[in-house]
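[1] prediction below, plus the sequence it came from.
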Amino acid sequence: MSFPILSSILLAPVLGVLVILFIPEKEDKIIKIVSAIATGITVILSLIAYFAYDQSVGGLQFVEHIPWIEKLGVAYGLGVDGISLPLVLLTAIVIFAGVFASWGLEERVKEFFIFLLALVAGVFGVFLTTDLFFFYLFFEVAVIPMYILIGVWGSTNKEYAAMKLTLYLLVGSAFALIAIIAVYLYTGLGTFDILTLTKQTYDVGFQKFAFFLLMIGFGFLVPMWPLHTWSPDGHVAAPTAVSMLHAGVLMKLGGYGLVRAGIFMFPEGAKFWAPVIAGLCIVNVVYGAMVAMAQKDLKFVIGYSSVSHMGYVLLGVAALNTLSISGAVAQMFAHGIMTALFFALVGNIYNKAHTRMIADFGGLAHQMPRVAVGFVIAGLASLGLPGLVNFVAEYSIFVGAFRVYPALAVLAVSGIVITATYVLRVVQKVFYGPRNPRWDDLEDAKGVEMVPIVILCAVLLFLGFFPSLLMDMINNGVDPFVIDYLSTLEIGGMF
Amino acid sequence: MMESIGIKYIWLVPLAPLVAFILISLLFKRFKMLSAVTAIVSMAISFILSLDILRLVLTNHEITMNNPIEIAVPWIDINGLFIEAGALIDPLTAGMLFVVTFISLLVTIYSVGYMHDDPGFSRFFSYLGLFVFSMLGLVIANNYFQMFFFWELVGLCSYLLIGFYYYKNSAADANKKAFITNRVADFGFMLGIIILFVNFDTFNFGKLAEAINASSDLALITLAGILVFVGPIGKSGQFPLHVWLPDAMEGPTPVSALIHAATMVAAGVYLLARGFILFASSTTTITFIAYLGGFTALFAATIAVTQRDFKRILAFSTLSQLGYMVMAIGIGSLTAGMFHLTTHAFFKALMFLCAGSVIHALHKQDIFEMGGVFKEMKITGTCMVIGGLAIAGIPPFAGFWSKDEILLTAKANGFTLLYIMASITAFLTAFYMFRLIFLAFFGEKRSDFHAHESPLTMTIPLIILAVFSIFGGFIGAPFVEHGYASYVYFGEPHHPTPDLMVMVSSTLVAVAGIFLAWLIYIKKAISAEKIATQFAPIYKFLYNKWYIDEIYAWFFNKIVLGISNVFNWCDRYIVDGIAHSIAWIIRTSGYKGRYLHTGSLQTYGLVIFTAVVVITLFLAGPVVGGVQ
Amino acid sequence: MITLNHYLLLSAILFCIGLYGALSKKNAIAILISIELMLNAVNVNLVAITKFLTPGDITGQIFALFVIVVAACEVALGLAIVVAIYRDRSTVEVENLDWLKW
């Protein structure tokens, strides 16, 4: 048997947790280094997997399969394809950057990194597993550390936000769980294997029912309007690394779930509900962006911008064609990197200035030029400027969606104008303007703090100019599914 | 036949400045002169390669607008989306490449002098490198997508450079305004090319041209054409999206010359020329373009007459001239539009650089505070006068020939109204330009300043540009064989037939404008103040730029921010309110329900026992009997 | 002649007295005693039913012995708790022992 690369990705953070358990509390430097090594391993392994993946063969690769509860058909199955690989890579990059972004943490360091690594193991599990049961299990593994991380290390109304986030996510996962059990019982095959279940044909009525449950369940995660309010609150309250991971990766679980377990498993159901998703996602895009414009707290702006951007993902999913779904997956990747960068920068400012109110700032480019550059790059990525990977993703979604919902696509494109407005307003109010002596003692990002900024900016720019590295992979994953399950459907929307 | 260093290394044309940008921003930031030299060398490489391409195109008659050289590699090739990164070489590209690299090189050299004492010296040159890279990428694009890609990037550079003095609030406002206004325009542009791609499955100019020719869906072509045209409305500052350009003068003056006068703002016109078939295929589109251009030309000229700021006057003049070019395209003459673009690039860059030279020396921008500068700044003054004569359209200066060509086409193609509007514009242009020159350079000093001539790095580019402003027009003059029109054209090359009537009348109009300016500002035969007070409402209306900025500000502050606050409220109190209500119901039911748990074991026991009795009776009833 | 019914009646009366005491007495010791009463009512039942319905079998008697043993343990434990509570609170009135409440 070849080297179990996927299990290694999954186990690297777990191993990190075990090692940290045995390190004394006061050795926080060593704890941080161990975390960095554990997550660094995941980055390297994900990169190896990404480039070792054979696109000419396609399908699931690096498969590992160990039966777990044979009577129920639950198996520890891992495998990746073009849809999940980019997201695995995204997770690895974001957590690696996140560990460095929390380098300055001093309070309860040991527990923090234990929970952080546990959380990441859960997220990796969701993307890596091929088994619906484990999909659910890993998801829960990811949510619980999040509750503690926000509740203990958070700021601004943290208990409320932690509770709200956890409850929303658990309610969402409950919906998904019902659908998972329903599918299991409906097929009667005694297996939770996603591919096997996808190959079954389901009664149209059942498809509508099951897809509805998944739509609501994953809709909580994405988050789809009006189920979104947990996300800005959660983003704001969470400590920097958790915000990065949360907005960067955790929200993507919903989109990933919809793609993996939703539309391909229940194409007829997806067709039935797609116009609803499309309609709601436009609310996400436009409404989210408008609300972002009214915010006074930097983190809230970014939180609502995530709501707005994840609307594009939903639009891509709802349009149900290769290009739009590829765009949606690419957008998940791109948004993950971009928003992680945003949170890393805001965290950096907040740690030093102890405020995030936009009105307090002004002329910060004088004191923190590097942070300003990073922020401008993140902002430009956010507003979809060519040369950054977000543009390619959004463009694919627009073109794909335009074929299906022209009117909605126009509204979605209008989102980029609103985004430009609020992003540039923030950039102007925070970084431009005359030097403000109040912030003269702020230090610019340097040393370890630069690691996340440089890594994330580099990814955004590199893939922005060479997007085929990403798009080929995703398309390779999405296309066979679309041909097998969606191409026979006549997808047309309300608009 | 295609053996040419320029073609072989065509990718170096845009990449050289990009390399300069990367080197300067990452490595050379601390070394001022090294940054400047890197930028200049990279621009020089681009310029030399462009010259070679131009030479090839001029000598090789097989390369024409209809038979270009195309080099392309796939950039994204997935199911449902195929995008190329490529280069398209034809006379249009070659001409534009020459203009862009030439002006860029001169402006970069000029900037060494102008930016000398600026703390952001290296940053400035790195931005210039990025800009030139983007602009050249745009020029050589062989498809709409690439055009859009670089179109946005030049927008970014414009944003960065307008906000170069980021510590000035006015600069920060201006660059935000510029970017957002352009974003609105790009929204249309993007939709336009998405519609084209969705219907014709390609972004490639050549393939689209064939598909459009073969298509019979006029409504679609019109819609796509107008949407794509929205892009140029923003970038080339056509009414009503012109508002950003005057404010863009907050940037350093060399930037105003390069980006906001000669090259980037002309990108819109270049796009119209490049995708001409799309616009020309629909009468509605092309007519719309013509009248919008004509209106902008006149509209901007009326505002320019009342302005006081040196650079703003030039900015409105740029708007007006861009309107001219757009109108030229609209009335069906790609040749005239591009010809005017070329000559305009020379003389407008010249005038902006002169403005820079004056501002550099005086640290003032209000022309009413200047006066008599000519005596101290002979070279700058002379160059400015040459620029003024060129833009006013006095023969044989460059502007005369290109403007004449536009007027001629307007008349020949039967656009009488536009011909009249263009002539009025020409009159106003001559008037406001010489108002500027007379007020700033002649007459008496109106405030306290010490002017001195600028250093050589600044004056040499001025002189070179001045030479081009004088003689540049001859490339397209009617008496020149194999002139501009035999290279850059749409369909078949055509040679303009000189119309003496048009030439004489346009010259007379220009001279009249200059004469009027002389009467008012030098001879003081007519009092400007008197006119201003007599026609106060009109004067105020024009001085405040038709109140368009105020309308936009009102729209943004009241409507957009209003909606956003309403939505925010809605999110707090309605969406979250519903979630909180559900939580409240659950919490309250728990709160009330807990009274069931008295904590007294005896109560529990009573309940349990009662329950046992009731259940026993219920189950035993049928067996024991009696209930039946 | 004493029949099964008499025993059952006695057991029911004992049980009801015990139940009444367990539910209404305020003193913890009294409640414990009442519970003993209920248990003994059950014992009477067990022995009587075995004696009358399956004579010769001693299942009921054995169960009754089990109950007595368990009851002894229970009382020991219960009294220990009562003593502990008394030390803490100086009272064994169950109305005051409402720590489980809310």
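    Structure received.

[2] who are the contact partners of the residue in the stretch 301-450 of chain A positioned nearest to chain C?
    Closest to chain C within the stretch 301-450 of chain A is A:Gly303: 37.1 Å, counting by C-beta to the nearest C-beta. C-beta: built from backbone N, CA, C; applies to glycine. Contact analysis of A:Gly303 by C-beta atoms under 8 Å, 6 or more residues apart in numbering or on different chains lists A:Ser231, A:Pro232, A:Asp233, A:Gly234, A:His235, A:Val236, A:Ala247, A:Ala292.

[3] looking at these, which has the most residues close by?
    A:Ala247 (31 neighbours; other C-beta atoms under 10 Å in any protein chain shown).

[4] A helix includes the residue of the stretch 301-450 of chain A closest to chain C, no?
    Yes: residue state for A:Gly303 (DSSP: H, G, I helix; E, B strand; the rest coil) corresponds to a helix.

[5] so it versus A:Arg425, what's the distance?
    16 Å (C-beta to C-beta, to the nearest Å).

[6] over to C:Leu39?
    79 Å.

[7] which one's more surrounded, these two?
    More crowded of C:Leu39 and A:Arg425, by other C-beta under 10 Å: C:Leu39, with 20 against 17.

[8] chain B: strands as residue ranges?
    For chain B, strands defined by DSSP state E occupy the ranges B:69-78, B:81-89.

[9] where does the prediction get shaky in chain C?
    C:98-102 (pLDDT under 70).

[10] which helix runs longest in it?
    When chain C is parsed with DSSP state H, its longest helix is helix C:59-89.

[11] is A:Tyr395 in contact with A:Ser324, as I believe?
    No: using C-beta atoms under 8 Å, A:Tyr395 is not in contact with A:Ser324; the gap is 11.0 Å.

[12] now do the contacts for the residue in chain A that chain C sits nearest to.
    Relative to chain C, the nearest point of chain A is A:Met163 (20.9 Å; C-beta to the nearest C-beta). Contact analysis of A:Met163 by C-beta under 8 Å, 6+ apart lists A:Tyr147, A:Gly151.

[13] got it, and the one 10 residues further on?
    Applying C-beta under 8 Å, 6+ apart, we find A:Ser173 in contact with A:Tyr136, A:Phe139, A:Glu140, A:Val143, A:Gly217, A:Phe220.

[14] please apply the same query to B:Val73.
    Taking C-beta under 8 Å, 6+ apart, one finds B:Glu84, B:Ala85, B:Gly86 in contact with B:Val73.

[15] so what's the last one bridging to?
    Beta bridges link B:Gly86 to B:Ala72, judged by DSSP bridges.

[16] kindly provide the distance from the most centrally placed residue in chain C to chain A.
    Centroid check for chain C by C-alpha atoms, centre = their mean gives C:Glu36 as the closest residue, at 2.5 Å. Look at C:Glu36 and chain A: by C-beta to the nearest C-beta, to the nearest Å, they are 48 Å apart.

[17] that residue: what secondary structure?
    Per three-state DSSP, the local secondary structure of C:Glu36 is helix.

[18] show the contacting residues for it.
    By C-beta under 8 Å, 6+ apart, the contact list for C:Glu36 reads C:Gly18, C:Ala71, C:Val75.

[19] which SSE is the nearest residue to the last one once chain neighbours are set aside in?
    Setting aside the residues directly before and after it, C:Val75 is nearest to C:Leu32 in space (C-beta to C-beta, 6 or more residues apart in numbering or on different chains), at 6.3 Å. Assigned by DSSP states H and E, C:Leu32 falls within helix C:28-53.

[20] which positions in that helix come out as buried?
    C:28, C:31-32, C:34-51 (16 or more other C-beta atoms under 10 Å in any protein chain shown).

[21] cool, and stretch B:433-449?
    Buried residues in stretch B:433-449, counting neighbours by 16+ other C-beta under 10 Å, are found at B:Met433, B:Phe434, B:Arg435, B:Leu436, B:Ile437, B:Phe438, B:Leu439, B:Ala440, B:Phe441, B:Phe442, B:Gly443, B:Phe449.

[22] residues touching the second one, list them.
    Taking C-beta under 8 Å, 6+ apart as the contact definition, B:Phe434 lies against B:Gly388, B:Ala392, B:Gly513, B:Ile514, B:Ala517, B:Trp518, B:Tyr521.

[23] if anything else comes up later, I'll come back, but that's it for now.
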